[in-house]
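**Student:** Okay, predicted coordinates and the sequence, questions at the end:
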Amino acid sequence: MPIQIEIISPEKVLVSREVDMAVLPGMEGDIAAMPEHSPMMLLLRGGVVALYEGDKVTDRYFVGGGFADITPARCTVLADKAVPVSDISIDMATAQLEALSEAWDKADKTDMSRLVVLQDQIQAVRAEIEAGSGS
Amino acid sequence: MASLKELRARIGSIKSTRKITSAMKMVAAAKLRRAQASAEAARPYAAAMRRMLGELAGATKGEDGAPLLLAGTGQDKVHLLVPMTSDRGLCGGFNANVHRLTVQTIRRLQSEGKTVRLLPVGRRALNFFMRDYADLIVDHVIGTSAKEIPFSVASDLGDKINALLEAGEIDVCTLVFNKFRNAMTQVPTCQQLVPMVVEEAGGKLEASNDVAQYEFEPDEATLLAMLLPRNLQVQIYASLLETVAGENGARMTAMDNATRNAGRTIDSLTQVYNRTRQTNITNELIEIISGAQAV
C-alpha cells in the first residue's frame, strides 16, 4: 500500500504522487514516512528527501529546511526551498556558503538566537553542496 | 476653429498614444496570466500551512507563554499598517483605492487615540504616504512590480514585522491590499496579521483524528515558534501575489478603456478635420466664383 507524498515549496507543488516510502531529514534525525505511520509533525533540517518505490530510490529532492506533516495515508513536506537533487547549482550554493561564513564571522557571538539561525543556514547549504556533488 | 495643421498634429499624437496604451494592455494581459498562475501555484503551500497551524494551535491551546505572533502583546495601542501597492502607476484606481482605505483606517485609529505606524510596500504607496504621513513611516519595501516576486521579499518583510513586534514597538499589524477577484475588480481589504487569526482545525476528515494522537518532533512549542513566522511570511507572500495580479488586471482594464477613448477621440477629431477641410474648399470656391462674376 503506497503513501501519498507531497513536496510543496512556497512557489509551487514539486511532487504529488504515491510512493512506498519517503525518508525525511528531520531536525533530530532522519525519519521514514511509510503507510500507516502514526500522525506526526516534524521539523526538517536542510537535507535530502528520498522517495522509495520498492527498495529503490526513484527520486531525490533537496529541501532547505521546513516542516513535514505525516498521517497514515499522506506525507506533506512544506519546504522553505526545494529542488530536485539533479538541478542543484553547486556554484550558487558555494557562493551562498561563502556569504554565510562571512556573516558568521561578523556576527555578534553573544547573540545566541542569531547564531543558531546562521548555523542552521550554513548546515543547510553544506547539505545542499554535498547532495549536489554526490549525484 | 483650430486650423487644419493643428488638427492633423492632434490626431497624430492621439494615434501614437493609442498605440502605447494598446501595447500596455497586451503586456498587462500577458503578465496577468503569469501572475494568476503563480498565485495559484502558491495556494497549496498556504493551505497546508494553515492546516498544520490549526492542528498545532489546538494542541498548544491553554498553555502559557504563547508566542507573540499568535497572542499579540496583549495591548492594542500601536498599530502597524502595511499598505501594498504597485511600483508603477497607470493602472486606474488600483493604488488610489489602497491609499484611500489606509487613510480612512489611519484617521479612525488616530481618533480612537491609537498610535499608527506605516510600512508602505511599493513605490506608489511610499510616495503617497511621504506627502502627508512621513513621520509615521518606519520602513518601506520597493520592488512589487518585478517580473517574478521571489519569496525572499515576503520573508524579509515578515522578519521586519516580527522584529518590530519583538522589540515591543507595535501591538497590532494589519495588511491593506487589493484582493484580486477578477481582471475587472479588485477589492481593497484589511487583513490582520498580528495577533494572528488561526482557523481551528476540525470539521475536516483528517483533522478528526484526535489532536492528542499527534506526535511532535521537536515539541509543540518549538514547532509553533518556527511555524508562526513562516506563516506570517506566507500570508504576506500571498497578498503580494494578489497585488501583482490585481495590478496587472487593473492596468489591463484601464488601458483597454484608454485605448477605446483614444479611438473615439480620433474619430470625432477626424470628423472635425474633414468638415474644416470641406469648409475651406467651399470658401475658396466661393471666392473664385464671386471673383469671376465680378469681372
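**Tutor:** Now that the structure is in, tell me what you want to look at.

**Student:** Residues in contact with stretch A:85-105: which ones?
**Tutor:** A:48, A:60-62, A:115, A:118-119, A:121-122, A:125-126, A:128-129, A:131-133, A:135 (CB atoms under 8 Å, 6 or more residues apart in numbering or on different chains). All C-beta atoms are positioned from the backbone trio N, CA, C, and that covers glycine.

**Student:** do the longest helix belonging to chain B and chain A meet?
**Tutor:** If you go by DSSP state H, chain B has its longest helix at helix B:220-294. Yes. Contact between helix B:220-294 and chain A, assessed by CB under 8 Å from any CB of the partner chain, occurs at B:Thr222, B:Leu223, B:Met226, B:Leu227, B:Arg230, B:Gln233, B:Val234, B:Tyr237.

**Student:** Show me which of those residues are buried.
**Tutor:** B:Leu223, B:Met226, B:Leu227, B:Arg230, B:Gln233, B:Val234, B:Tyr237 (16 or more other CB atoms under 10 Å in any protein chain shown).

**Student:** Nearest residue to the last one in space, ignoring adjacent ones along the chain?
**Tutor:** In space, not counting the residues next to it along the chain, B:Tyr237 is nearest to B:Ala154; the distance is 3.6 Å by CB to CB, 6 or more residues apart in numbering or on different chains.

**Student:** and if you look at the fourth one?
**Tutor:** Computed as CB to CB, 6+ apart, the closest residue to B:Arg230 that is not its neighbour in sequence is B:Met49, at 7.0 Å.

**Student:** same thing with the third one?
**Tutor:** Spatial nearest neighbour of B:Leu227, excluding adjacent residues (CB to CB, 6+ apart): B:Leu53 at 5.9 Å.

**Student:** That neighbour against B:Leu232, yeah?
**Tutor:** No. The criterion here is CB atoms under 8 Å, and B:Leu53 misses it with B:Leu232 at 10.7 Å.

**Student:** count of neighbours near B:Ala23?
**Tutor:** As a burial measure, B:Ala23 scores 12 neighbours (other CB atoms under 10 Å in any protein chain shown).

**Student:** What residue in the stretch 51-200 of chain B comes nearest to chain A?
**Tutor:** B:Phe151 (4.5 Å; CB to the nearest CB).

**Student:** quick one, what contacts that residue?
**Tutor:** Neighbours of B:Phe151 in contact, by CB under 8 Å, 6+ apart: A:Pro10, A:Glu11, B:Gln233, B:Tyr237.

**Student:** So for those residues, which is the shakiest by pLDDT?
**Tutor:** Lowest pLDDT among those: A:Glu11, with 81.

**Student:** Double-check that B:Gln191 belongs to a strand.
**Tutor:** Yes. Counting by DSSP: H, G, I helix; E, B strand; the rest coil, B:Gln191 is part of a strand.

**Student:** wait, what's in contact with it?
**Tutor:** B:Thr174, B:Leu175, B:Val176, B:Phe177, B:Gln235, B:Ser239.

**Student:** least trustworthy helix or strand in chain B by mean pLDDT?
**Tutor:** helix B:68-71 (a mean of 74; mean pLDDT, DSSP states H and E).
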